[in-house]
Every structure is written in C-alpha cells, then in structure tokens.
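Colleague: fold the following, please.
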Amino acid sequence: MVIALDGDDWQLKGCLGDEWQWHVDKPWDAPGWLPAHVPGSVLDDLMRAGEVPDLYRERNSRLAEWVPERAWIYRRRVEGGRVEFRGVDHAATVFLDGEQVAHHEGAFTTFAIDIPEGEHLLAVVVHAAPESEPQVGRTSRVRVHKSRMGYGWDFCPRLVHQGIWRSVVLDPPRELCPRVTLVDGTGVVEIEGEVVLQVDSPELWWPNGMGEQRLYPVRVGGRELAVGFRQVEFNGPGEFAVNGVAMPLKGWNWVPIDALYGVPRPAKLAHLLGLAARANVNLIRVWGGGLIETDEFYDHCDRLGLLVWQEFSMSSSGMESVPSEDPEFVATMAEEAREIVLRLCRHPSLTVWCGGNELARDDSPLDDSAPVLGALHEVVRELDPGRAWVPTSPSGDGDVHGPWEHQGLRRHNEHYDSGTWSLQSEFGVEGMTNRRALEALVDEPNRWPADRTNPIYEHLGAWWNNAPLVQDAFGGRIGDVDTLRRASQQLQYDGLRYAVEGTRRRSSGAIPWQFNESYPNAWCTCAVDHRGDPKPAYYGVARAYRPVHACASFAMWAWGGEDEVRARVRALGADDVVQTQFVDVDGTVVVKSYADEVEVPLDAFSSDLFVLDLVLGQVGNRYVMSRTEDLAPLLDLEPAGVEADLAGGQLHLRHTGGPAALGIVLEDARPYDAPGWVVFDDNMIDLLPGETRTIGVEGGGPILVEGWNVEARRVG
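Modeller: Predicted coordinates:
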C-alpha cells in the first residue's frame, strides 16, 4: 500500500555553510528545530513559525532574501520501505540515522532510497539555492533547470524557492508511463510495448469550445489514470487543427500560482483553470520562466479541454538571452527532459513542447542549432514523436511578443489594427490590482501616492506602474487611490479587449500576458489577481473570445480635435449583420446602422461621453468614448440610479434614473481571507437608461457594486 509521508510530521532547521553536517543525526528533541510541512516551501515554514514576517505585504519580501543563502534540514521519523521523493528544490543530500544514503540535484525529477525495517531518522538537507539569474542578467550564466522567476522578475520580487516541494511517498509502485496514440481510428494505450487498452472508433477528446473532453480510465501500476484520444496538427505559429478541424487559438499565458509554489493549493489551482475555461480559452502557455507543471495541473487541463504549450524552464535575460553551451548543462537538461517528457506525455491536453521563453541572439530567435535546444528536441522526437516542438517563443516567422503596455488613447488601437503577425504569443496591458487585494497588501497610510515615487509601489510592480499614463488619459485630475485604480483598470480592460479583438479580426492566434500572478503586486499585467479574483480585463478578454462576438475597430478612444467618429464593425463567428448604435449618455440614439462602416459627426452628441453599442443576435458589446482630448468626462458624470438585488444566485441590476451607468464593477465584498471565491458570469457593465441586466453569481455574497457614477454599495 502506498503511504504518503506528507504532512506536519517534519522538522526544519537552517544552517550556514557546512554546519548542517553537525545536525543530521541530532536527537529528535534537540533545540532549535521548527515545525515544517511537506510538500511545501522553506519560506512558508518560516512564515508560519514567525521567523520572517508576512511576505505578501508591502516590502516584507526583502526581509527574507537571506533565506536561500542557507541550507535547510528537513527531518522526520520513518519506518522501513522504499521512499520516493517526487520533487526537491533544488539540490538535496539524504541521511539515514546520520549516514549519507543519497544525493540528488534537480527540482523536476524524482529519486528514491531504500530504508531497512524498523524506525529511523530521515534527514534531507536542502542545500543553499543555486546561483542563477534574475530577469536582468545573462542567460548563458544559468546552469540549473529551475524556475528563474523567484530570483527577481517584473511581477515577482526576489523570493528564491527551496524545499521538498512535491510529495514524499513510502513504497510507491514503479512509475509506468503510458504512450497514447490514435491511428486510423483506433485508440491505443501502450506501456513498455504492451497494449493495455485498445478502443476502436473512440469518442474523441476535444479542446474547450469544440466538443466534449472524453477521457478513458486505464489501470497503470496500481494507479488509475485517465487518457484521451485526439489528433493535433501544428502547422506553424497560431495554426492548430484538432481532429481534423481548424482551431482558432484563444490562449492565455500562465505563471506559477504562487512564488512559494511548493505549498499545495489544490482549490486555487482548480479555480484558476476553471476561470480560464469560462473565459473561452482553449490553450494555456506555461511560460519558460516558471515551472514544468505538475500532473495535477495537467489533469485539470485534460478535464477542461485546455491545450497546454509547455516550455522547459529557460528564459531570456535583460542583457543576453543565449543558453549556456556547457556540455554538462546540456547533458543535465536532456537527462531531466527524458523523465519530464515520459511523465507528462499521456495527457491529451499536452500539445506543444517548447525550449523556453525568448531565447535569442541579436534579437533573432534561436533554433535547434543551439546545443541545449537541439538536445531537448532530440529527447522529444524520441519519446513523444507525435507532439509539436518549438525551439523558443516567439519563434519568428509570424510569432511575436509585445508590447506589454497600454500605448495611449490615440496610439493603442493603431498598433493592434496594423499588425501582420499570425501569432501574438505574448502581449499585455497593465493595471492596478483589485480593491481588497490592495487593502490586504498595503497599509492605508501608504496607499497614496500610488506611483513610483512611493517606495512601496516601487517594490510592488514598478515595471507596470503606469500612473503617469493613467493621469494623462484622465486629464491629470486623479487625486485618490480608488479613482486611480478604477481608471487604470478601465484602460487595462479596454486595451486588452481591443488587442484580442484585433487578433481575431485578422484570424491570428492570441496568447495575452498574463492570466494569473505569482505574487500580489499593486500594479501588474495579470487579468486575475493573486488571490484569484478577476480584474475587469478578464471579462473583456472573455467577451472577445466568445464563439460569436461583435466588435469594432476605431482609431482612438478620445476624439477631441476630430470632426467625426469613425468605426468599422465586424461579426466574428457568425454571418449575421451587426446592429450598430451610437448612444449619448442620456440614452438618446444618435445613429442606428447595419452598415459595416459608420461615421458620426462629433457635434451630433449632446454630451462629452457616448457609447458605441453593438448587438449581434443575443450578444452585445460596448465601448465608452469621449469627444474631448481624454477620458476626464468620466470623472464628471452625474450620478445614475441603479437598483441591485441578489437572490437565488443571480444579481439583478436595473437602471432607475439619470445618465447611463458606466463601468459597473462587481466585487466579492467578503474579507480577503474568506474561503473560496465569488464568480460572476459577466462584469464591467455599462447600463443605458432604463436597461436591466441579470448576472449569474456563484459563491454567494455579499457583493460590492460600484461604477463611475454608481455609488458603492453592498448587496446580499
């Protein structure tokens, strides 16, 4: 019987230099040991023991930068048997009753030891974290296959991960790796050359939005696994066909769910991937600065129909982005890849193996002529020949990255309307975090100013703090943190939505940066905050990814200095005609049209704000614009009357008076540490005078309802 040695029966002690050699056989009741949890992370154990402060607040993460300089001893009592370590980050020496029995390096590979009968003291020395490069460094200096994000990245402060981060198991069955094929209409599962399942004309596994995710159980070495049969063709950047049907690529970039990724967070993992599926996503790119993802991650993707583009853990650097050609490093990467590929290749969601993120020389993407990329490709070709291989992302040949910032009210749309790429595998728009996330992250006296002059904001996402651009977009009139948050999120919502719509209009593939965030930042390009609550941008992209969607291309959001507003209207996923209306904020329909192109004189509007309203069957889409030089008129809107009632898992909104209610945002109003999540069917709502909307709500209440001209109130 398999017995997990996970849990709280472990102790932890830190040591400088080689001092750990004096402690691997100390009595169990020796002083100086802290409680530890496996699987987990050293930093998390230290937080729970009060040895370091809450690392998710303000600049506290700086107070833990000393931790990875030490070796950390994990120990517990064990009975005899075979003990398998499924992941230690990064190098470990194992002792049994004070005698060394194993040494291992590699966070993504397993190892095992045999323990004689009887009770023994097991000690695992997790050595000081290996040298590696932060985001601004040189890729050629990296000699380990380990997530680089924690060494310091634009969305993660320096929190270098250490620990026994995957399960420790007593007497596990031998790991057997199924090979799944679909040839001439027959699905076959083989293990070491023996057929263990054969299904004639199987029900096929389809990506999200294209069909069902049919999975077949198969018994493998005492474990029951699920497999799916499908065929995926990768015909170049952004061009996928699944089971012979062309698939429009609707993706999102994924980063580790936490900087302390060893701490199990099964509910959060399921929640985040569920949000991706609800947003009509069909592909997740697992970014090369993060992790080789886990079986649990892939199991969810199998169930949800999320294809996975899995990158090996290599990434660009600010100064130079060429991986080391050192033969020992190349051999290590190839050796680890053999285990990684065999372990994951059974999953129907796995679609692309990629060498890493933005690996390039002189701004030209690397190919298999780079020794490590060639070696990785050889492993994939041998062990998983049916899967696509891409040396790096972007790969060139129509695959591009960037920009990651809002380009301004008068330049943003032009960039995405003029693109010629076939796949935009990274691009984004920045914005502030959600209200209660900010309240949990930054003490109230320190929340303003919310720009880089504030050292706390400099620490919490300085790369993405675009407060000056937000101020400029709103006439320089923002004087408090709540308004700045709302304004920045409006720009992120409109900017990212428009960018995704632009790729769809060209029938190109889109993988926005980034879906989730690994650390709670005040400003970030993420669409879902660290807690797991979507920002408005999430809903904008979810709408843009709908199978049937109406959208418009237009030159700018603020039309001051122009004579007229011009928009080109497009139906996506349907041949029906789009109804186009330009509506004044008082509800007056200025123009109603069914043409592909619509022009309206600016002086036809009676107010400075107006709404471009599109309807395609039961699907609507709205853009809020200004006839001035900026969006400052949103700050001057007269209050709108809106009734809100939460009952039976539905939120009913009704406009009762005044001008249009713009930018209505729904938020979970529970305490930040309340369990679970409140999930809305839609969000970021614009209500014209007299309109009603009903929004599905999962997770209960209370809910906070507010908007540009809707007073904040709690409902439920």
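
Colleague: surely G118 is in contact with E79?
Modeller: Yes: between G118 and E79 there is a contact under Cβ atoms under 8 Å: 7.2 Å. C-beta here means a position set from N, CA and C on the backbone, and glycine is covered the same way.

Colleague: comparing these two, which residue is more hemmed in?
Modeller: Neighbours of G118 and E79, each counted by other Cβ atoms under 10 Å, are more numerous for E79; the result is 15 against 9.

Colleague: need the contact list for the more buried one.
Modeller: E79 is in contact with 115, 117-120, 170, counting by Cβ atoms under 8 Å, 6 or more residues apart in numbering.

Colleague: counting neighbours, what do you get for R77?
Modeller: There are 12 residues near R77, going by other Cβ under 10 Å.

Colleague: do the same with V218
Modeller: 17.

Colleague: so what's it up against?
Modeller: Neighbouring residues of V218 by Cβ under 8 Å, 6+ apart: 178, 189, 196-197, 224-227.

Colleague: now do the SS call for it.
Modeller: Taking DSSP: H, G, I helix; E, B strand; the rest coil as the rule, one finds V218 in the strand state.

Colleague: give me the buried entries from the contacts of E79.
Modeller: For the contacts of E79, a neighbour count by 16 or more other Cβ atoms under 10 Å gives the buried set as 115, 120, 170.

Colleague: pick out whichever of those residues sits closest to A270.
Modeller: L170 (26.9 Å; Cβ to Cβ).

Colleague: hmm, R76 and that closest one touching each other?
Modeller: No: with contact defined as Cβ under 8 Å, L170 does not reach R76; the gap is 11.2 Å.

Colleague: which residues of this structure score low on pLDDT?
Modeller: Across the chain, the ranges flagged by pLDDT under 70 are 1.

Colleague: domains in it, by residue range?
Modeller: The chain resolves into domains spanning 3-170, 179-397, 550-636, 637-715 when parsed by automatic domain parsing.

Colleague: R505: which of those is closest?
Modeller: domain 550-636 (5.6 Å).

Colleague: could you point out the helix or strand that follows the longest helix along the chain?
Modeller: If you go by DSSP state H, the chain has its longest helix at helix 481-505. For helix 481-505, the following helix or strand on the C-terminal side (DSSP states H and E) is strand 509-510.

Colleague: contacts only, for F85.
Modeller: 92, 94, 104, 110-112, 124, 164, 166, 168.

Colleague: next: Y261.
Modeller: Counting by Cβ under 8 Å, 6+ apart, Y261 touches 41, 147, 161, 165, 291, 518.

Colleague: what helix or strand is it located in?
Modeller: Applying DSSP H and E, one finds Y261 in no helix or strand.

Colleague: is it true that Y672 touches E439?
Modeller: Yes: with contact defined as Cβ under 8 Å, Y672 reaches E439; the gap is 7.0 Å.

Colleague: same for the helix or strand harbouring Q100, what does it pack against?
Modeller: Assessed by DSSP H and E, Q100 sits inside strand 99-105. Judged by 3 or more Cβ pairs under 8 Å, 6 or more residues apart in numbering; DSSP states H and E, strand 99-105 is in contact with strand 91-96, strand 111-115.

Colleague: minimum distance to D636: which of these has it?
Modeller: Nearest to D636, of the helices and strands packed on strand 99-105 and by Cβ to Cβ, is strand 91-96 at 60.3 Å.

Colleague: each with direction, which strands does the closest one pair with?
Modeller: Take DSSP bridges as the rule and strand 91-96 pairs in its sheet with strand 99-105 (antiparallel), strand 120-126 (antiparallel).

Colleague: what's the angle from it to strand 111-115?
Modeller: Orientation check (axes from the mean of the first three to the mean of the last three Cα atoms, to 10 degrees): strand 91-96 against strand 111-115 gives 10 degrees.

Colleague: and the gap between the closest residue to E405 other than its chain neighbours and P134?
Modeller: Spatially, and ignoring its direct neighbours in sequence, E405 is nearest to E430 (5.8 Å; Cβ to Cβ, 6 or more residues apart in numbering). Between E430 and P134 the computed distance is 20 Å (Cβ to Cβ, to the nearest Å).

Colleague: hmm, back to that, most packed of the strands paired with strand 91-96?
Modeller: The highest average neighbour count among the strands paired with strand 91-96, using mean count of other Cβ atoms under 10 Å, belongs to strand 120-126 at a mean of 22.

Colleague: outside of that one, which residues touch it?
Modeller: By Cβ under 8 Å, 6+ apart, strand 120-126 touches 20, 23-25, 28, 42, 71-80, 83, 85, 88-98, 115, 162-164.

Colleague: can you pull out the strands in the stretch 451-600 of the chain?
Modeller: Per DSSP state E, counting those that start in this stretch, the stretch 451-600 of the chain carries strands over the ranges 509-510, 523-524, 549-554, 564-572, 579-584, 589-593, 597-601.

Colleague: nearest to T483, of those?
Modeller: strand 523-524 (15.2 Å).

Colleague: now do that closest one: distance to the chain's middle.
Modeller: Centroid displacement of strand 523-524 relative to its chain, using Cα atoms, centre = their mean, to the nearest Å, is 13 Å.

Colleague: quick one: strands adjacent to that strand?
Modeller: Sheet partners assigned to strand 523-524 using DSSP bridges are listed as strand 431-432 (antiparallel).

Colleague: for the next helix or strand after the strand it pairs with, buried residues please.
Modeller: Sequence order places helix 435-441 as the next helix or strand after strand 431-432, per DSSP H and E. For helix 435-441, the neighbour count (16+ other Cβ under 10 Å) marks 435-438, 440-441 as buried.

Colleague: what's in contact with helix 435-441?
Modeller: Residues contacting helix 435-441 (Cβ under 8 Å, 6+ apart): 56-58, 432-433, 447, 460, 481-482, 485, 520, 522, 529-531, 533, 667-668, 671-673, 704.

Colleague: go on, stretch 175-191?
Modeller: 110, 192, 195-202, 204, 216, 218, 220-221, 225, 227-231, 342-343, 345-346, 348, 386.

Colleague: which of the residues in stretch 635-649 are buried?
Modeller: Buried-residue list, stretch 635-649, by 16+ other Cβ under 10 Å: 635, 637, 640, 642, 644, 646.

Colleague: same check, this time on stretch 372-383
Modeller: Going by neighbour count (16+ other Cβ under 10 Å), the buried part of stretch 372-383 is 372-377, 379-380, 383.

Colleague: same thing with stretch 15-30?
Modeller: By neighbour count on 16+ other Cβ under 10 Å, the buried set for stretch 15-30 is 15, 20-21, 23-24, 26.

Colleague: any idea of the angle the longest helix of the chain forms with strand 564-572?
Modeller: Counting by the same axes, to 10 degrees, helix 481-505 lies at 60 degrees to strand 564-572.

Colleague: any idea how far helix 481-505 is from the middle of the chain?
Modeller: Distance of helix 481-505 from the chain centroid (Cα atoms, centre = their mean) equals 17 Å.

Colleague: check stretch 125-132 too.
Modeller: On Cα atoms, centre = their mean, the centre of stretch 125-132 falls 26 Å from that of its chain.

Colleague: any idea how far apart the tips of it sit?
Modeller: Using Cα to Cα, to the nearest Å, the end-to-end distance of stretch 125-132 comes to 20 Å.

Colleague: residues in contact with the closest residue to C15 other than its chain neighbours?
Modeller: Counting by Cβ to Cβ, 6+ apart, the nearest residue to C15 once its immediate chain neighbours are dropped is A71, at 4.9 Å. Residues in contact with A71 (Cβ under 8 Å, 6+ apart) are 14-16, 19-20, 125-128.
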